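A.B. asks: Predicted structure and sequence below. I'll ask about it afterward.
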Amino acid sequence: MQHTDIRALGGLVGRSVTVAGWVVTTRSSGKIAFLVLRDGSGYLQCVVSRKEVGDEVWDRCLALTQETSVRVTGSVRADARQAGGVELGASGLELIGPSIDFPITPKEHGTQFLFEHRHLWLRSRLQVAIAKVRHQVFQAIHDFFDERGFYHVSTPILTGSIGEEAGNLFSTEYFDLGTAYLAQTGQLYVEASCAALGRVYCFGPTFRAEKSKTRRHLTEFWMVEPEVAFADSADNMRLQEDFVSYIVSRALDRCREELKELERDTGALERVVAPFPRITYTDAVARLNELGSDLQWGHDLGGDDETLLCKEYDRPIFVMNYPKAVKAFYMKENPDDPRTVLNNDCLAPEGYGEIIGGSQREDDHDRLLARIVAQGLDPKAYGWYLDLRKYGTFVHSGFGLGVERTVAWICGIPHIRETIAFPRQIHRLYP
Ligand code: 4AD
Ligand code: MG
């Protein structure tokens with residue numbers, strides 16, 4: 001079936017084309033009708049003149065309803081007032097599939113209703129804009145690592161060892177082998193791949209049975225996790241600030257239209273340039289106490305603490321060296337203050353908070369084993385992971401960036417559930 005993408009029409013002024021898509025809106029006077037079509041690649045105003053198309057096509061046009069799928073033929077005309085700079089002077093109109101009483105109308109709908117109809121809501125302008133930003137973020141992630149000589153590796157989703165906290169695992173029976181867990185992270189596996197390939201990253205869905213119903217949590221989210229051999233915590237933060245600025249600048253380059261549609265203040269994004277300020281956890285607690293938080297040393301920063309702290313800065317920041325007790329078993333102890341680890345979170349401004357968790361890894365076999373035992377994990381499940389410290393151990397570091405939180409921040413939308421086509425939350429499995 002021959003048809004032309006709406007986005008290509010700018011270069012086809014004067015030509016006759018056929019466009020296939022869905023009806024967004026219609027309006028008509030007695031002689032002329034205006035039909036706005038979308039095909040995923042863009043939006044197009046089609047102008048239908050009764051005199052030119054004849055009664056049959058005209059009647060078909062007047063009967064069109066929201067989301068009817070159609071094929072429209074006509075000639076491309078320049079019109080500076082239109083998005084894309086063109087409109088279509090229609091000569092023919094063919095109905096493909098009717099759409100009666102489309103549930104999502106231009107009026108306001110409640111959040112609950114919209115998520116029940118997520119499969120249809122995806123078609124609306126703002127949701128299309130968010131999906132396109134998300135696409136560019138994925139593309140930027142692969143480009144960034146490819147340009148820097150990283151290899152993309154695929155890590156398993158069904159796993160036998162716990163990567164983060166035992167408290168939020170999804171598990172399933174696995175034949176005769178007992179319990180398998182859905183991966184909370186690909187990190188332990190990229191550490192193994194890193195010793196094979198030097199610089200690697202994995203990028204896939206991760207799963208956490210988060211009981212928290214916050215605007216920052218999903219039970220299934222996408223995380224990109226690079227791991228670098230012979231890189232310490234300071235190298236790791238330099239990689240993170242380059243990475244985050246790269247993604248943001250890519251979005252500014254390629255998503256101008258979408259960010260405008262989302263009414264995003266792009267000035268705030270333009271300030272996202274490396275280097276990012278660095279502050280230790282200990283200093284952050286002191287500063288937060290001055291700002292009125294009652295956070296005590298030894299506790300993790302809550303969402304509100306992150307927001308409060310970030311208000312002090314105009315770009316993302318790194319908070320480093322958290323207490324060992326609130327962080328995962330694999331993080332390397334800080335030799336300058338053994339109560340803490342060589343880790344960092346990267347916090348996004350404007351109330352978005354943690355988008356990255358990263359650390360230098362414990363590379364000493366006996367210390368790592370002791371941490372595994374101390375956390376009540378089964379050392380047998382980590383035999384392979386401990387082997388990495390037995391055969392040519394190496395300083396190495398890496399991090400995980402949550403894609404949905406990053407996309408929400410770039411788009412300037414309050415809740416991460418709109419950044420993924422079909423969000424999974426404790427109370428949502430449909431559609
Ligand atoms: O800080 P986290 O738990 O770090 C890890 O999983 C490490 N293994 C990463 C590594 O070093 N390779 O998670 C990393 C990021 C968070 O900063 C956040 O952006 C995102 O993943 N994230 C979530 N996003 C949405 N919903 C959730 N429930 C999330 N939990 C974490
Ligand atoms: Mg974290």
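C.D. replies: Noted; the coordinates are in hand. Quantities reported herein were computed from a predicted structural model and do not represent experimental measurements. Ligands and ions are numbered 1, 2, ... in the order given.
A.B. asks: Tell me who's in contact with Ala180.
C.D. replies: Shown in contact with Ala180 (Cβ atoms under 8 Å, 6 or more residues apart in numbering): 158-160, 171-174. C-beta coordinates here come from the backbone N, C-alpha and C atoms, glycine included.
A.B. asks: Quick check: beta-bridge partners of it?
C.D. replies: With DSSP bridges applied, Ala180 shows beta-bridge pairing to Thr172.
A.B. asks: List only buried entries from the contacts of Ala180.
C.D. replies: 159-160 (16 or more other Cβ atoms under 10 Å).
A.B. asks: Need the max-distance pair from the contacts of Ala180.
C.D. replies: Thr159 and Glu173 (14.1 Å; Cβ to Cβ).
A.B. asks: Check the average confidence over stretch 123-140, would you?
C.D. replies: Rounded to a whole number, the mean pLDDT of stretch 123-140 is 98.
A.B. asks: Kindly indicate whether Ala325 is helix, strand or coil.
C.D. replies: helix (DSSP: H, G, I helix; E, B strand; the rest coil).
A.B. asks: Based on its surroundings, how many neighbours for the closest residue to Lys31 other than its chain neighbours?
C.D. replies: The shortest distance from Lys31 to any non-neighbouring residue, by Cβ to Cβ, 6 or more residues apart in numbering, is to Arg50 (5.1 Å). Using other Cβ atoms under 10 Å, Arg50 has 18 neighbouring residues.
A.B. asks: pLDDT score for Arg50?
C.D. replies: 96.
A.B. asks: the helices in the stretch 151-300 of the chain, which residues?
C.D. replies: For the stretch 151-300 of the chain, the helices defined by DSSP state H, counting those that start in this stretch cover 187-197, 233-254, 256-261, 266-270, 281-290.
A.B. asks: re the thing from before, and the contacts of Ala180, which is closest to ligand 1?
C.D. replies: Thr159 (12.4 Å; Cβ to the nearest ligand atom).
A.B. asks: low-scoring stretches of the stretch 101-250 of the chain, by residue?
C.D. replies: Along the stretch 101-250 of the chain, the model assigns pLDDT under 70 to no residue.
A.B. asks: and it, which of its residues are near ligand 1?
C.D. replies: Neighbours of ligand 1 within the stretch 101-250 of the chain, by Cβ under 6 Å from any ligand atom: 163-164, 185, 187, 208, 210, 217-218, 221, 223, 225.
A.B. asks: now these in TSV, with neighbour count?
C.D. replies: What follows is those, written out as TSV (neighbours: other Cβ atoms under 10 Å):
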residue	neighbour count
Gly163	21
Glu164	20
Thr185	23
Gln187	27
Arg208	21
Glu210	16
His217	20
Leu218	25
Phe221	21
Met223	23
Glu225	25
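A.B. asks: Can you report how many residues neighbour the closest residue to Pro323 other than its chain neighbours?
C.D. replies: What sits nearest to Pro323 in space, not counting adjacent residues and going by Cβ to Cβ, 6+ apart, is Gly298, at 5.2 Å. Neighbourhood size, Gly298 [other Cβ under 10 Å]: 13.
A.B. asks: tell me the phi and psi of Thr155?
C.D. replies: phi -110, psi 160 (degrees, to the nearest 10).
A.B. asks: residues in contact with the residue lying closest to it once chain neighbours are set aside?
C.D. replies: Nearest residue to Thr155, sequence neighbours excluded (Cβ to Cβ, 6+ apart): Gly186, at 3.3 Å. In this structure, Gly186 makes contact with 155-156, 163, 202, 204, 206, 223, 225, judged by Cβ under 8 Å, 6+ apart.
A.B. asks: that older thread, out of the residues of the stretch 101-250 of the chain next to ligand 1, which are inside strands?
C.D. replies: Using DSSP state E, the members of these that fall in strands are 221, 223, 225.
A.B. asks: Closest to Asp304 out of those residues?
C.D. replies: Checking those against Asp304 by Cβ to Cβ gives Phe221 as the nearest, at 21.2 Å.
A.B. asks: wouldn't Val224 be in contact with Pro205 here?
C.D. replies: No. Val224 is beyond contact range of Pro205, at 11.2 Å (criterion: Cβ atoms under 8 Å).
A.B. asks: between those two, which one's more packed in?
C.D. replies: Val224 (25 against 16).
A.B. asks: what's near enough to touch that one?
C.D. replies: Per Cβ under 8 Å, 6+ apart, neighbours of Val224: 141, 201-203, 400-401, 403.
A.B. asks: Tell me the buried residues in stretch 304-314?
C.D. replies: Residues 305-310 are the ones in stretch 304-314 that count as buried (16+ other Cβ under 10 Å).
A.B. asks: With stretch 46-58 instead?
C.D. replies: 46-48, 50, 53, 57-58.
A.B. asks: What of stretch 412-431?
C.D. replies: 412-413, 416-420, 423, 425, 428.
A.B. asks: Show me what residue of the stretch 251-400 of the chain gets nearest to ligand 1.
C.D. replies: Closest contact between the stretch 251-400 of the chain and ligand 1, by Cβ to the nearest ligand atom, is at Gly357 (2.3 Å).
A.B. asks: In three-state terms, label that residue for me.
C.D. replies: Put simply, Gly357 is strand when judged by three-state DSSP.
A.B. asks: Dump stretch 417-431 to PDB, keeping only the CA atoms.
C.D. replies: Only the C-alpha atoms of stretch 417-431 are listed here, as PDB (Å, rounded to 0.1, in the frame of the first residue of the first chain):
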ATOM      1  CA  ARG A 417       3.800   6.400  35.000                       C
ATOM      2  CA  GLU A 418       3.100   8.400  31.800                       C
ATOM      3  CA  THR A 419       6.700   7.900  30.500                       C
ATOM      4  CA  ILE A 420       6.100   4.200  29.700                       C
ATOM      5  CA  ALA A 421       3.400   2.900  27.400                       C
ATOM      6  CA  PHE A 422       2.000   0.300  29.800                       C
ATOM      7  CA  PRO A 423       3.100   1.200  33.400                       C
ATOM      8  CA  ARG A 424       3.100  -1.500  36.000                       C
ATOM      9  CA  GLN A 425       2.300  -0.500  39.500                       C
ATOM     10  CA  ILE A 426       1.100  -2.400  42.600                       C
ATOM     11  CA  HIS A 427      -2.600  -1.700  41.700                       C
ATOM     12  CA  ARG A 428      -2.300  -1.800  37.900                       C
ATOM     13  CA  LEU A 429      -1.900  -4.800  35.600                       C
ATOM     14  CA  TYR A 430      -4.500  -3.700  33.000                       C
ATOM     15  CA  PRO A 431      -4.300  -3.000  30.100                       C
END
